[in-house]
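Engineer: Got a sequence here, can you model it:
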Amino acid sequence: MRITTDYMIGNTAIQIVNTGRKIKIVDVEKQRTKKRFLKWFCITAATVFISFFICFYVVRLQNMKVFLDRQVYSLEGQIEELEKENLVLERQNEEKPIDYKAVYRKALAMGMKFPKQEQLYLYRSDKSTAVRINSSQFGE
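Structural biologist: Model (predicted):
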């Protein structure tokens, strides 16, 4: 059983704590000072730890930014090279003559045929930009 007794000796407040096995004499003012010191020490340590963590986090983010900027720069260079190669290949394609006979053979092989006379429609327009369909052409 714990018993605590408060005393004043002069200007000093003390507590006598009897735990059953041991008797402790505690200076109340010193105990408050120790608690206050411990509290401020914990707050300061937490602040230092958080500041330290934030500093390393900022350095890590800056390092990541530099690394990604380097990658972007190298990829931009690759894009420029590929665009130049693409222009060269497009020019080579434009310069190649088109083999119309091969295109015709390929179209026939794929089943394409010329339209029949019934599938052709003729349109006339008189100074107007709108196209009007003559219904007599459709059998109406």
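Engineer: next SSE after the helix or strand hosting Y57?
Structural biologist: Counting by DSSP states H and E, the element that carries Y57 is helix 28-95. Where DSSP H and E defines the elements, the next helix or strand beyond helix 28-95 is helix 100-109.
Engineer: Name the residues of that next one that are buried.
Structural biologist: Within helix 100-109, no residue is scored as buried using 16 or more other CB atoms under 10 Å. All C-beta atoms are positioned from the backbone trio N, CA, C, and that covers glycine.
Engineer: Off-centre distance for that helix?
Structural biologist: Its chain's C-alpha centre and that of helix 100-109 lie 50 Å apart, by CA atoms, centre = their mean, to the nearest Å.
Engineer: Same question for stretch 102-119.
Structural biologist: Relative to its chain's centre, stretch 102-119 lies at 52 Å (CA atoms, centre = their mean).
Engineer: which residues touch Y7?
Structural biologist: Neighbouring residues of Y7 by CB atoms under 8 Å, 6 or more residues apart in numbering: 13-16.
Engineer: Can you pull out the low-pLDDT segments for this protein?
Structural biologist: Along the chain, the model assigns pLDDT under 70 to residues 1, 125-140.
Engineer: On the three-state scheme, I16 is what?
Structural biologist: At I16, secondary structure determined by DSSP: H, G, I helix; E, B strand; the rest coil is strand.
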